[in-house]
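1. generate coordinates for the sequence data below:
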Amino acid sequence: GIVRPDRSFGPQSAEIKKAYQSAHFSPGEREGNDMNINLRNEFDFTTLKGDQLDGEWQLTRNGEVVATGNITVPDVAPGATGSIVLKDLGAELDSPGEHFLRLTLKLGTDAPWAPKGHDLAWDQMKLSGDYIPPTPAPPGAALAGAKKNGNLLNVQGKGFTADFDRRNGSLVSYKIDGNELLARPLQLNFWRPPTNNDEGANLHRKLSIWRNAGSRAKVTAIKTKGAGPSQILKFDLKLPVAQSTAKLVYTVHSSGEIEIAVTVNPKGKDVPMLPRIGMQCGIPASHSTWKWYGRGPTENYQDRHRGTWVGQHSGSVEYLFNHYLDPQESGNRTGIRWATLTNQEGQGLRVESLGRHLLEIAAYPYSPLNIELSRHPIDLQRHQTNTINFDYGQLGLGGTNSWGQMPLKQYRLPAGQSYRYSFRLSPQR
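-> Just a heads-up that it's a prediction; the model follows:
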């Protein structure tokens, strides 16, 4: 799958190329406003020659490019480390925000195997700061308490309405100025369309107890409170997996923003690990422009992300979903600080990570069941909705082999412990 039959590259190729690169940048000491960078040559017999190589650097703040420049590449002998000085970065690094430096080494002349400008190696390093999500919009008029309407709890404010299902705690409807942003409810989800490696390890059977655990969750208690610009709704849930439970806490602001805190407690005798922990919804297919600040541009997972970098990336949901020859889980991105899913007018849904645990988001232009049942890409049927997953995380992809080995232990989601994460939904106008 690294190279497809049509000779195009699969997303694994970025990881392979990164693993195989034989030159690496790393941060050195900062001296005043200047930043020292080390360039390590891992070739055994080839000298990195400055007159045959070009270098570039790019500094981002909160994902936006704030400075760029060229590098004078030194000669570096095999196994040795050279030094590069980037001048006058200090003022930028001392500004508030999350700063990443990305350096790239390129061919400076044509070679028999690649043209001038071909990327040989790159590295990204975090130099200072952390990303801090924007505070909620200023409070408006006080919200009325949540109102019962059959199986729903309704919260309304100026320009928005939100409906919550009293039976399973899902967010059923989210309307802004009369426009529905959800095509299917936002609800707990613990399943993914099995990968080839999942099937090789028989995980689609061993973990099948989690397949419908999210949709079959049952509310055991509901608490609401708030008489000002925010309304809080708390749902305690029993999951149909041994003694497993979950809790969803929605904080609805008068601005129309909704903060969601998710706690999942998978527990019980012989309860298997989870394929995924998160929430899933549908959005209109017209909202297919996906922009995010996190790892990209290619799809990435917790055990396959070193070929990607942190920045602002964008594309269509259909393009960003990798069409494997055997359809399976695809299109995931990790380390997401914020993302938007919008239509051609730039209107739609915005999501932001809250707290220290960053989101994973996977967007499917097809239904999860359609992906799972399809044998070939031609079997995939485009629907009127895109499926969006806002996740704590997924089981790693594995790859030690494809006929029985599970992902490494550090990339699993075992039962017997609590998982917590939170995020904010808001309209993108």
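2. for the stretch 251-400 of the chain, what spans make up the helices?
-> Remark: helices assigned in the stretch 251-400 of the chain by DSSP state H, counting those that start in this stretch are 317-320, 368-373.
3. can you say which of those is packed in most?
-> The highest mean neighbour count among the helices of the stretch 251-400 of the chain, using mean count of other Cβ atoms under 10 Å, belongs to helix 317-320: a mean of 18. To be clear about C-beta, it is placed using only N, CA and C from the backbone, and glycine gets the same treatment.
4. could you say what helices and strands that one packs with?
-> Applying 3 or more Cβ pairs under 8 Å, 6 or more residues apart in numbering; DSSP states H and E, we find helix 317-320 packed against strand 289-296, strand 359-364.
5. spit out the contact partners of K87.
-> 33-34 (Cβ atoms under 8 Å, 6 or more residues apart in numbering).
6. and it, what pLDDT?
-> Note on K87: pLDDT of 92.
7. same check, this time on the one 10 residues further on
-> Each residue has a pLDDT score; the one for G97 is 95.
8. okay, now the closest residue to N389 other than its chain neighbours: neighbour count?
-> Setting aside the residues directly before and after it, N389 is nearest to A362 in space (Cβ to Cβ, 6 or more residues apart in numbering), at 4.4 Å. For A362, the count of nearby residues is 26 (other Cβ atoms under 10 Å).
9. hang on, isn't T251 packed against G228?
-> No: contact criterion Cβ atoms under 8 Å: T251 and G228 do not qualify, at 11.6 Å.
10. when the two are compared, which one has more neighbours?
-> Comparing T251 with G228 by other Cβ under 10 Å, the one with more neighbours is T251, at 18 against 10.
11. give the contact list for D326.
-> Here D326 is in contact with 196, 375-376 (criterion: Cβ under 8 Å, 6+ apart).
12. so which of the residues you listed is the closest to R424?
-> N196 (35.0 Å; Cβ to Cβ).
13. and the strands in the stretch 1-150 of the chain, which stretches?
-> 23-31, 34-41, 53-61, 64-71, 81-86, 99-107, 119-128, 147-149 (DSSP state E, counting those that start in this stretch).
14. which one of the ones you listed lies closest to P240?
-> strand 147-149 (25.3 Å).
15. what's the next secondary structure element after that closest one?
-> strand 152-157 (DSSP states H and E).
16. what helices and strands are in contact with that next one?
-> strand 147-149, strand 160-165, strand 230-238, strand 245-253.
17. what's the least confident stretch among the ones you listed?
-> strand 147-149 (a mean of 93).
18. list the buried residues for the least confident helix or strand in the chain by mean pLDDT?
-> Least confident helix or strand, the chain: helix 90-93 with a mean of 85, by mean pLDDT, DSSP states H and E. Neighbour counts over helix 90-93 (16 or more other Cβ atoms under 10 Å) mark 92-93 as buried.
19. for stretch 106-122, same thing?
-> Residues 106-108, 120-122 are the ones in stretch 106-122 that count as buried (16+ other Cβ under 10 Å).
20. first-to-last residue distance for that stretch?
-> Taking Cα to Cα, to the nearest Å, stretch 106-122 runs 9 Å from one end to the other.
21. what lies in contact with that stretch?
-> Against stretch 106-122 from outside (Cβ under 8 Å, 6+ apart): 18, 21-25, 51-56, 73, 102-105, 309.
22. buried members of those residues into PyMOL, please.
-> The following PyMOL line selects those of the contacts of stretch 106-122 that are buried, judged by 16+ other Cβ under 10 Å:
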select buried, resi 18+21+23+24+25+53+54+55+73+102+103+104+105+309
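23. end to end on stretch 188-207, go ahead and measure it.
-> Note: stretch 188-207 ends 16 Å apart using Cα to Cα.
24. mean confidence for it?
-> 97.
25. which of the residues in it are buried?
-> 188-198, 200-201, 203-204, 207.
26. Q302: which of the strands of the stretch 1-150 of the chain is closest?
-> strand 119-128 (17.3 Å).
27. could you report the neighbour count for S128?
-> Using other Cβ under 10 Å, S128 has 18 neighbouring residues.
28. swap in N322?
-> N322, neighbours per other Cβ under 10 Å, totals 18.
29. contacting residues for it?
-> The contact partners of N322, by Cβ under 8 Å, 6+ apart, come to 10-11, 298-299, 330-331.
30. distance check, the nearest residue to it once chain neighbours are set aside against L395.
-> Using Cβ to Cβ, 6+ apart and skipping residues adjacent in sequence, the residue nearest N322 is S330, 4.5 Å away. S330 sits 14 Å away from L395, going by Cβ to Cβ, to the nearest Å.
31. so these two - more neighbours on which side?
-> For S330 versus L395, the count of surrounding residues by other Cβ under 10 Å is larger for L395: 26 against 20.
32. pLDDT score for the more buried one?
-> For L395, pLDDT reads 98.
33. contacting residues around the nearest residue to it once chain neighbours are set aside?
-> The shortest distance from L395 to any residue other than its chain neighbours is 5.0 Å, reached at P275 (Cβ to Cβ, 6+ apart). Applying Cβ under 8 Å, 6+ apart to P275 gives the contacts 190-192, 194, 198, 203, 207, 210, 394-395, 413.
34. among those, which lie within helices?
-> Secondary structure from DSSP state H places 198, 203 of the contacts of P275 in helices.
35. farthest-separated two in the contacts of P275?
-> The widest separation within the contacts of P275 (Cβ to Cβ) is 15.0 Å, between P194 and L413.
36. could you measure N322 against E299, distance?
-> For N322, the distance to E299 - Cβ to Cβ - is 5 Å.
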